[in-house]
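> all I have is the shape, not the residue letters:
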């Protein structure tokens, strides 16, 4: 195993979790979700938030709201050190439902809650600079909200592998990643895994090897769990809710 540690975090409770209404576009946190995020802050501010050296998030509203509240001390410290939050489109949720589809950059930048975040990674371009080279089966250059190409359901495992390799390639040793239940399953345990993630749950992982092609991760320990195992869109589709 490697000495790198990744603190994978599922977002706190969001509106679609409660209503089981997956037609809510880019579903935001509920009031309880905000409370869960505040509790997450209390539970982790004297732990990994003190020494983590990178914060990465999905661009959807609910994970960004989760870290804005839950990881405020970490964000503030890193920004003072010249290390802004990395907003990574590849961490978006898996399915092509409205609740799992993000808002465009202009919409997010018009929301004062997200003021100060660098959302330049959400700009469409022929091949986003951070993508590097993908297998020929994956079509690059798609709008991140399109759910096509790399962002399609069919390419979830390829995207999850890319995320793992991207994290492993980073120079930082302690990385906090905020995302969603289904993509976290794909990253850590394989897509369509039945392993549940609770809202505002944090699990610590490391890499099995420094050079395996799959960049497989292995669990170290559970760090925090503030919410319940609210169903993802895949859970509902497979009757696991």
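Received it, and whenever you're ready, just let me know what you need. Just so it is clear, the model here is predicted, and its values are computed rather than measured. Numbers count the residues shown, from 1 in each chain.

> any idea where the helices of this protein begin and end?
Using DSSP state H, the helices of the chain run over residues 15-19, 31-44, 61-70, 72-80, 105-109, 156-169, 181-189, 233-237.

> and the first one, how far out from the chain middle?
In this case it means helix 15-19. Counting by CA atoms, centre = their mean, to the nearest Å, helix 15-19 is centred 18 Å from the centre of its parent chain.

> and what of stretch 162-173?
14 Å.

> kindly report the same for stretch 174-192.
Worked out by CA atoms, centre = their mean, stretch 174-192 lies 7 Å from the chain centre.

> next: stretch 44-56.
16 Å.

> first to last residue in that stretch, what's the distance?
16 Å (CA to CA, to the nearest Å).

> and the contacts of it?
Among residues not part of stretch 44-56, those counted as contacts by CB atoms under 8 Å, 6 or more residues apart in numbering are 5, 7, 41, 67, 70-71, 73-75, 77-78, 83, 85-88, 91, 167, 170, 172-178, 202, 204, 223-224. For the C-beta atoms, the positions are set from N, CA and C on the backbone; glycine is no exception.

> what's the mean pLDDT across that stretch?
Averaging pLDDT along stretch 44-56 gives 98.

> before we move on, what about stretch 78-92?
For stretch 78-92, the mean confidence score works out to 97.

> please apply the same query to stretch 167-177.
97.

> and the contacts of that stretch?
2-9, 48-49, 51-57, 67, 71, 74, 91, 207, 210, 215.

> and these, which are buried?
Neighbour-count burial (16 or more other CB atoms under 10 Å) applied to the contacts of stretch 167-177 gives 4-9, 48-49, 52-57, 67, 71, 74, 91, 207, 215.

> inside strands: which ones of these?
Judged by DSSP state E, those include 5-9, 54-57, 207 as members of strands.

> got the helices of the chain as JSON lines, with distance to residue 121 columns?
Listed next are those as JSON lines, based on distance: least, CB to CB, whole Å:
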{"stretch": "helix 15-19", "distance to residue 121": "24"}
{"stretch": "helix 31-44", "distance to residue 121": "23"}
{"stretch": "helix 61-70", "distance to residue 121": "13"}
{"stretch": "helix 72-80", "distance to residue 121": "17"}
{"stretch": "helix 105-109", "distance to residue 121": "9"}
{"stretch": "helix 156-169", "distance to residue 121": "12"}
{"stretch": "helix 181-189", "distance to residue 121": "16"}
{"stretch": "helix 233-237", "distance to residue 121": "24"}
